[in-house]
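Asks: okay, here's the prediction I keep looking at, along with the sequence it came from:
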Amino acid sequence: MKKLFIVLAVVFTGQMAIAQEGVPVYLDYLTDNYYLIHPSMAGAAACGKIRGTVRQQWFDQADAPNLQTLSFNTGVGENSGVGAILFNDKNGYHSQTGAYLSYAYHLQVGGGYEDLNRLSFGMSAGMVQSRLDESDFDRNDFDPIITGVLRSDTYLNVDIGMSYFFKEFYAHFTVKNAVFQNREIYSEGFESNNQRRYLTTLGYLFAPRNSDWQFEPSILYQRTDRTAEQFMDINAKAYYDLNENSVLYLGLSYRQSFDGAEYLDGNSVQEQNLSLLSPIFGIKYNEFTFGYNYSYQFGDIRFSNGGFHQITLGIDFLCKKDRWSCNCPAVNL
């Protein structure tokens, strides 16, 4: 019984607490990829962007969670932006694959064109297929809801959001999975279990005079509607201008959940929150981007000593010659 409680706690804190419907919210947004979680960032930058990410957890474990994404976004005309996202997410017996198309409108609300003071609205709509592979389940251990086959369900997902940029300050707010949809493989038709999620991002970039360094603190808060799960990322990034065409960035992110999972330790019941510390490294050279982050999980109860590795590769295209006069890498780099 003790082992059972420990396994349940590990599953909750190590996997289920960060398992999300649609594109999971990890830390790839910090490697020059805010569009992946905020649809209002489609076409917001001075360049079109293609980004690919690969994330792998616990290399020493079979069927460990892994994620692949491919995203594209670019500006269209003076005020519009479009984008697309493909993703594949696998977590043990559960997996999901999906595709999104995005549109964003960017409205200059003050100042001249070179003065960044802009409000953006965006929406992503797409199809997601969820799968539950029950083919390896023990049919002798009878459970009436176990079919013993690969079950799947396809449904619509819609994300909506807005962003505001004022010089070096920025704010994003996004509602993911805004339209509730039933997933029959999990809900059995009794109720909608689509997980609406709210994301809020705030940040500011400091650029000391006569220095090649820039510093960017930011936070991301997310809350799941129906389960009331809450997480917060506290981030710090630093940019260093290597030369006119190259920028190096380093960072550190700390993710903390507001809710814990209970587990049995001897005769006492303990509670553990999900806590992740993630160093970040990246470089931009001309139009090419490389980023890497590694997440380490704290706590007495962990599934594996191995961490979570994520790599981002990207290329920029159709860059505008006229950029904003601010130090604002999210839109200028």
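Replies: Perfect, I can see it now. Residues are numbered from 1 along each chain as shown.

Asks: when you work out contacts or count neighbours from here on, use the C-alpha atoms and nothing else.
Replies: Noted.

Asks: show me which positions of the longest strand seen in the chain end up buried.
Replies: The residue-count maximum for a strand in the chain (DSSP state E) belongs to strand 246-265. Within strand 246-265, the residues scored as buried using 16 or more other Cα atoms under 10 Å are 247-257, 259-264.

Asks: I'd like the average pLDDT over that strand.
Replies: Here strand 246-265 scores 86 as its mean pLDDT.

Asks: go on, stretch 268-288?
Replies: 87.

Asks: what's the answer for stretch 98-114, then?
Replies: 87.

Asks: same check on stretch 73-84?
Replies: Rounded mean pLDDT across stretch 73-84 is 94.

Asks: likewise stretch 25-35?
Replies: Mean predicted lDDT for stretch 25-35 stands at 91.

Asks: now do the buried residues in that stretch.
Replies: Neighbour-count burial for stretch 25-35 [16+ other Cα under 10 Å]: Tyr26, Leu27, Asp28, Leu30, Thr31, Asp32, Asn33, Tyr34, Tyr35.

Asks: please enumerate the helices of the stretch 101-250 of the chain.
Replies: 184-187 (DSSP state H, counting those that start in this stretch).

Asks: residues contacting the closest residue to Thr224 other than its chain neighbours?
Replies: Excluding the flanking residues, the one nearest Thr224 by Cα to Cα, 6 or more residues apart in numbering is Arg197, at 4.4 Å. When contacts are counted by Cα atoms under 8 Å, 6 or more residues apart in numbering, Arg197 touches Val175, Lys176, Asn177, Ala178, Gln222, Arg223, Thr224, Asp225.

Asks: what bridges to Arg197?
Replies: Beta-bridge pairing of Arg197, defined through DSSP bridges, involves Lys176, Thr224.

Asks: and it, how far is that from Phe308?
Replies: 23 Å (Cα to Cα, to the nearest Å).

Asks: likewise for Tyr221?
Replies: 20 Å.

Asks: again, but for Tyr198
Replies: 24 Å.

Asks: one more: Gln297?
Replies: Distance from Gln297 to Phe308, by Cα to Cα: 9 Å.
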